[in-house]
Structures are given as structure tokens and as C-alpha cells.
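A.B. asks: Attaching a predicted model along with its sequence, questions to come.
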Amino acid sequence: MDIDELMSKHSRNYRFHGVRAATLNRLLQQSEGGQIVLWGRVEEGYEQGKGEISATDISDIEMSFHEFCDEDGLVLVLEKKVESPFEERHPTDRRECWLQCEEWQVIGGIRPVFDEDEDVIDQEAFSLSEIMGMRR
């Protein structure tokens, strides 16, 4: 998968969820059957495959790069699995939305490339199979 293909995923069918390197490694260790199952916020804490996650759409992907990702992390590309998934805008930051993780699936990822001033100067795209190959 190349960056142009991933960056064209701007429709209502796609969202972007940034994870730091440590979280990415845990997700990869817990993955089964070639799928990454996200952990969502639930009343009791966090649960794999259920609950609420933070995401952005393509217009605010820079937020995912800067706020939710680190140098070895990844912004996961999510594709909706249901016709009308739950989505709610964050009450204080309209760039961020809350999704139900069971309604979305990881299909790829984007890694930002930062310069010395922490500005994003490029992006590297990964297919789901390439991400799965990142297991440590």
C-alpha cells in the first residue's frame, strides 16, 4: 500500500487513530488472525474490542501525528465495519472524535516523518500485513 492510496481515504468510511510505539507493540503482541483489535474505554477501564476510542478524520490527521503518536508509533487507518457507526465530536476539541472500536477495523497505518523542529515533513504508509510484520 502506498501513501497516495492511504491518504485518499478521506471519506466517511475512514478515520485515523494514533498510537505510541509502546501501545503499537502491545497491540501487535495481542493480535490474532492477522487483525489488530483495539482497546476502548469502558466504564471499568479498558477492554479489547469494545468501548470508545479517539480518532480524527483526514482533515485533522496532523493532530493524530502530534498528540497521539511518537517517532516509532503509527497512525492507524480505520475503516468502518457498519453502515452508520457511532461518532461523537469531542466537546472541547472539535478536531477529535470518539468512536466505538467494535465498529471500525484497522486496515493500514501512516508513520509521520518529523524534522528537527517536530514538523511533519513526510509520511510513510504501511499495509496491515506490513504492520503485522513489525512484531518484536
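C.D. replies: Thanks, I have the structure now.

A.B. asks: For the rest of this, base every contact and every neighbour count on C-alpha atoms.
C.D. replies: Noted.

A.B. asks: Show me where the protein has its strands.
C.D. replies: Taking DSSP state E as the test, the strands found in the chain are 14-19, 39-42, 45-48, 52-55, 74-80, 87-89, 97-100, 104-114, 120-127.

A.B. asks: who wins for proximity to residue 27 among those strands?
C.D. replies: strand 39-42 (8.5 Å; Cα to Cα).

A.B. asks: For residue 89, list each beta-bridge partner.
C.D. replies: Going by DSSP bridges, residue 89 is paired in beta bridges with residue 97.

A.B. asks: Now mean pLDDT and distance to residue 31 too, for the strands of the chain, in JSON lines please.
C.D. replies: Formatted as JSON lines, those follow (pLDDT from 0 to 100; distance: least, Cα to Cα, whole Å):
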{"stretch": "strand 14-19", "mean pLDDT": "92", "distance to residue 31": "15"}
{"stretch": "strand 39-42", "mean pLDDT": "94", "distance to residue 31": "11"}
{"stretch": "strand 45-48", "mean pLDDT": "93", "distance to residue 31": "10"}
{"stretch": "strand 52-55", "mean pLDDT": "93", "distance to residue 31": "17"}
{"stretch": "strand 74-80", "mean pLDDT": "92", "distance to residue 31": "14"}
{"stretch": "strand 87-89", "mean pLDDT": "85", "distance to residue 31": "25"}
{"stretch": "strand 97-100", "mean pLDDT": "93", "distance to residue 31": "18"}
{"stretch": "strand 104-114", "mean pLDDT": "90", "distance to residue 31": "11"}
{"stretch": "strand 120-127", "mean pLDDT": "87", "distance to residue 31": "15"}
